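Asks: With the sequence up front, the predicted model follows.
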Amino acid sequence: MRVIARMTVALLALGVAAFSAEATPAAQPTIFAPGVISGPAAEDSAAFTPDGRTVFFDRIRWPNAAILVSHRTASGWSVPTVAPFSGRWLDHDPAMAPDGSFLVFTSNRPDRPGGKPLDAVFAGGKVAPGSGGHLWRVDRKGEGWGEPVRLPDAVNASTRTYAPSVAADGSVYFQRPGADDDFRLFRSQYRDGRYQAPVEVSLGDASAHELDPAVAPDESFIVFDANYAGKDRPDRLYIAFREGGHWGAPIDLGDEVNKGGPWGSHLGPDHRTLYFSSTRAVPVHYPRTAAQERQDLARMASWDNGLENLWSIPLAPWLDAHAHHGG
């Protein structure tokens, strides 16, 4: 009976989500720093310092990945360099604490000095060598960064623990496999300097997977991607608002946002702008002029080549609509 009740609630929630997406004005995503940060490889997980002047992100061309850092200058974003705590292992998914005091990321680095890279272990014992992930924390030390420290076993119970997001009190949201080996979102409360046992985050359809949480500092809303539309269809981005002791029905961010299979949600330093990865591209209409063709070739060489890049949208339409309705 409980399973049936949960499925019924989920179906009702999806109905509300579909209506809300239609009622919310479409936002137009924009490419982030094309040719500098959004480049010819693939980028994900834009994690900003509170002042918005520094951004960490990962650049991936599997099986290679590293966390890079770029600084805002008078002439734009600087050429990215490898973050001081990255480069030796397969590091990705950086997430900044709202106060900028530490950063949490995913890595396949060994759990213990001298060990081997972490293997991802799937249902049935299938192993993907070197592609696993645990969550690590690196603290700010003056103008630099300390040594990464692995989060406790309670958080890293799976070798497929990815996509952290940090709340203002230090609590961490992340994804890892649930009981059916499909990904679900979890939350580990940070209390008295320790991470507590994670609790699964209850959102929409209990049979769907949920990935890449981006939680507001005060945990008033969360953005994530899920396959609520169907297991054979691309994931879509949703936003859910906190309603007392539970999360409200997930709201689909709409077709304009959900082009190109978006994923990897992160909030900007204003906590009202969403950054995400997508394979979306600049529309091309034929015939092309010679000048347009030259622009096309230059764009393909710098970023617009079908791989993931970083895009952003303002969340104001959804946040303001929620506030207007008494949220």
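Replies: Happy to help now that I have it.
Asks: Helix or strand: which one has residue 294?
Replies: Assigned by DSSP states H and E, residue 294 belongs to helix 290-302.
Asks: so how far is stretch 30-48 from its chain's centroid?
Replies: Centre-to-centre, stretch 30-48 and its host chain are 13 Å apart (CA atoms, centre = their mean, to the nearest Å).
Asks: re earlier: which strands or helices does the helix holding residue 294 pack on?
Replies: When contacts are defined as 3 or more CB pairs under 8 Å, 6 or more residues apart in numbering; DSSP states H and E, helix 290-302 packs onto no helix or strand at all. For every residue, glycine as well, the C-beta is placed using N, CA and C.
Asks: tell me the mean pLDDT for that helix?
Replies: Here helix 290-302 scores 94 as its mean pLDDT.
Asks: what's next to that helix, contact-wise?
Replies: 34, 35, 39, 40, 282, 284, 288 (CB atoms under 8 Å, 6 or more residues apart in numbering).
Asks: Which elements pack onto the helix or strand just after that helix?
Replies: Downstream of helix 290-302, the first helix or strand assigned by DSSP H and E is strand 309-314. Judged by 3+ CB pairs under 8 Å, 6+ apart, the packing partners of strand 309-314 are strand 30-31, strand 43-48, strand 273-278.
Asks: Do me a favour and get the backbone dihedrals for the most centrally placed residue in the chain.
Replies: For the chain, the residue nearest the mean C-alpha position is residue 264 (2.8 Å; CA atoms, centre = their mean). Dihedral pair for residue 264: phi 70, psi 40, per degrees, to the nearest 10.
Asks: so how far is residue 140 from it?
Replies: For residue 264, the distance to residue 140 equals 23 Å [CB to CB, to the nearest Å].
Asks: Residue 252 now?
Replies: 36 Å.
Asks: If you count surrounding residues, which of those two has more?
Replies: More crowded of residue 252 and residue 140, by other CB atoms under 10 Å: residue 252, with 23 against 16.
Asks: roughly how far out does the helix holding residue 294 sit from the chain middle?
Replies: So, by CA atoms, centre = their mean, the centroid of helix 290-302 is 30 Å from its chain's centroid.
Asks: Buried residues, it. List them.
Replies: residue 299 (16 or more other CB atoms under 10 Å).
Asks: and if you look at stretch 169-188?
Replies: If you call a residue buried by 16+ other CB under 10 Å, then stretch 169-188 has these buried ones: 170-178, 183-188.
Asks: Could you do stretch 200-218 as well?
Replies: Buried residues in stretch 200-218, counted by 16+ other CB under 10 Å: 201, 203-206, 208-216.
Asks: Strands - which of the buried residues of stretch 169-188 land there?
Replies: 172, 173, 174, 175, 176, 177, 183, 184, 185, 186, 187, 188 (DSSP state E).
Asks: now the residues you listed in TSV, with distance to residue 88 and pLDDT?
Replies: Converted to TSV, those look like this (distance: CB to CB, whole Å; pLDDT from 0 to 100):
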residue	distance to residue 88	pLDDT
172	23	98
173	27	98
174	22	98
175	24	98
176	24	97
177	26	96
183	27	96
184	30	97
185	29	98
186	27	98
187	30	98
188	26	98
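Asks: which residues in this structure form helices?
Replies: Taking DSSP state H to define them, one finds helices in the chain at 2-23, 290-302, 316-324.
Asks: shaky segments in the stretch 201-327 of the chain?
Replies: Within the stretch 201-327 of the chain, the stretches with pLDDT under 70 are 327.
Asks: which two from the buried residues of stretch 200-218 end up farthest apart in space?
Replies: 206 and 216 (23.3 Å; CB to CB).
Asks: biggest separation within the ones in strands among the buried residues of stretch 169-188, which pair?
Replies: 172 and 177 (16.8 Å).
Asks: where's residue 77 relative to residue 176, distance?
Replies: When distance is defined by CB to CB, residue 77 is 32 Å away from residue 176.
Asks: Then residue 182?
Replies: Distance from residue 182 to residue 176, by CB to CB: 10 Å.
Asks: right, and residue 174 touches residue 166 too?
Replies: No: if you go by CB atoms under 8 Å, residue 174 and residue 166 don't touch, sitting 9.7 Å apart.
Asks: which one is residue 214 nearest to, not counting chain neighbours?
Replies: The shortest distance from residue 214 to any residue other than its chain neighbours is 3.7 Å, reached at residue 265 (CB to CB, 6 or more residues apart in numbering).
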